[in-house]
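*Asks:* what's the 3D shape of this:
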Amino acid sequence: MKGKVEFRGKLFALASSRRESQISPRRKALLFAGFIVALSLVAKSPPSLRISPVPQFPELPVGHQSPLQAVSILNSGWGPVHIQEVRLTGDSPRDFRSLSERCADQLLLPGRSCTLALSFAPQSSGRRNAELSVISEGRVLPNYLPLIGVADQRSSLESCPAGIEFGNEAVGVASTWRQCKIRNLTEHALQISSPRITGDTPNDFQLGDNTCASRLPAGGSCSVSVRFIPRVSGERRAEVVFDDGSGDVPHGILVSGRGTAADLCMDPELVSFPGLPVGQLSQFESVLVRNCGSADVHIAEPTSGGNAAGDFILEATPCNSVMLAPLPSSCLTTLQMRRILSTFKGLGIPRPSQAL
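*Replies:* Reported below is the predicted structural model:
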């Protein structure tokens with residue numbers, strides 16, 4: 001109704017400036033109805049996403065990775081869109097890499113966008129197809145972008161596996177060692193250099209036993225081991241690189257993993273109670289406790305602390321002995337103030353991560 005009143009005021013102000021006497025009542029009614037219809041159409045317009053551009057990846061040998069290409073997700077509708085997750089799907093999602101942290105769990109207002117990076121990293125030869133899928137509340141359309149790449153076997157070296165996915169690992173905790181075998185595909189010996197780690201986050205990976213720093217005969221093989229030690233949470237990617245002495249592009253083994261960390265958030269972070277007479281109880285106030293980290297969190301029992309904890313009643317039954325998975329898991333606890341002394345009282349609830 002506020003919108004209608006506002007439009008009506010603007011309409012008749014416009015009519016007055018044009019000598020209202022010259023505009024018939026019927027004309028005024030039709031103009032006003034036009035404004036209301038336009039307003040109604042805008043209000044009912046569905047949310048929409050525009051994902052562009054479609055990346056054009058170069059043809060690559062198996063085991064190599066293309067440069068990163070930027071892709072934008074734009075809210076082209078009239079209402080906000082909550083993007084919950086961006087992931088690779090389709091026939092061969094493991095042949096592509098996505099750096100999508102900036103778009104995950106984001107609220108895009110109309111006209112706003114977020115940007116992610118994509119690359120082609122084939123692990124098998126031939127035409128490789130996948131999709132960049134955007135998961136949002138209400139399944140806003142369009143919600144995917146087609147990805148196409150072509151790979152061949154021109155490389156003089158073959159790695160098995162072509163890439164290593166470590167999965168989830170807690171921050172600061174080392175994974176088990178994973179081994180990769182390198183084989184010479186040519187008919188002559190190759191001088192293999194010592195492997196090194198390059199890429200986006202090389203410091204999150206570590207090399208171990210290595211038998212590849214030597215001359216590799218035709219058809220011969222060697223091996224190298226690597227493990228994942230995430231320093232921060234989120235997607236971590238790198239590449240174990242070998243030079244074969246040919247002067248061509250170095251051979252690479254893609255390695256990736258996700259660092260996880262537990263963290264809890266409270267909404268609101270500060271609860272303010274009104275002034276009360278001594279002995280009177282306040283109304284209950286609710287606090288939402290949610291897992292804002294990337295690992296499961298077990299809450300044993302929320303407790304109150306501080307120099308006046310006795311002046312507050314904590315009703316935390318829904319949050320007692322509960323396991324919260326990463327977003328959007330949460331639980332609700334309530335607080336009540338009971339005024340005992342006529343002095344200022346403060347309640348401090350320790351961060352839930354201290355009471356896990």
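
*Asks:* Only C-alpha atoms from now on, for both contacts and neighbour counts.
*Replies:* Fine.

*Asks:* So which residues of the chain form helices?
*Replies:* 2-17, 25-44 (DSSP state H).

*Asks:* Can you tell me which of these has the worst average pLDDT?
*Replies:* When those are compared by mean pLDDT, helix 2-17 comes last with a mean of 38.

*Asks:* List the contacts of Pro274.
*Replies:* Residues near Pro274 by CA atoms under 8 Å, 6 or more residues apart in numbering: Ser282.

*Asks:* Would you point out the helix or strand in this protein whose mean pLDDT is lowest?
*Replies:* Taking mean pLDDT, DSSP states H and E as the measure, the helix or strand of the chain with the lowest value is helix 2-17, at a mean of 38.

*Asks:* Could you double-check that Val240 lies in contact with Ile197?
*Replies:* Yes: assessed by CA atoms under 8 Å, Val240 is found in contact with Ile197 at 4.6 Å.

*Asks:* Could you measure from the closest residue in space to Ala189 that isn't next to it in sequence over to Ser194?
*Replies:* In space, and not counting its chain neighbours, Ala189 is closest to Pro217: 4.1 Å by CA to CA, 6 or more residues apart in numbering. Separation of Pro217 from Ser194 (CA to CA, to the nearest Å): 16 Å.

*Asks:* can you count the residues close to the residue lying closest to Asn210 once chain neighbours are set aside?
*Replies:* With CA to CA, 6+ apart as the criterion, Asn210 has its nearest non-adjacent residue at 4.3 Å, and that residue is Val224. Using other CA atoms under 10 Å, Val224 is surrounded by 20 other residues.

*Asks:* same question, Arg102
*Replies:* Arg102 is flanked by 12 other residues according to other CA under 10 Å.

*Asks:* And for Gly245?
*Replies:* 12.

*Asks:* That one: what's it in contact with?
*Replies:* Contacts here follow CA under 8 Å, 6+ apart; on that basis Gly245 touches Leu190, Gln191, Ile192, Ser193.

*Asks:* Next: Glu85.
*Replies:* So Glu85 contacts Cys103, Ala104, Asp105, Val134, Ile135, Ser136 (CA under 8 Å, 6+ apart).

*Asks:* Weed out the non-buried ones from those.
*Replies:* Cys103, Ala104, Asp105, Val134, Ile135, Ser136 (16 or more other CA atoms under 10 Å).

*Asks:* from memory the third one sits against Val134, does it?
*Replies:* The one in question is Asp105. No: Asp105 is beyond contact range of Val134, at 10.8 Å (criterion: CA under 8 Å).

*Asks:* any common contacting residues for the two?
*Replies:* The contact sets of Asp105 and Val134 overlap at Ile83, Gln84, Glu85 (CA under 8 Å, 6+ apart).
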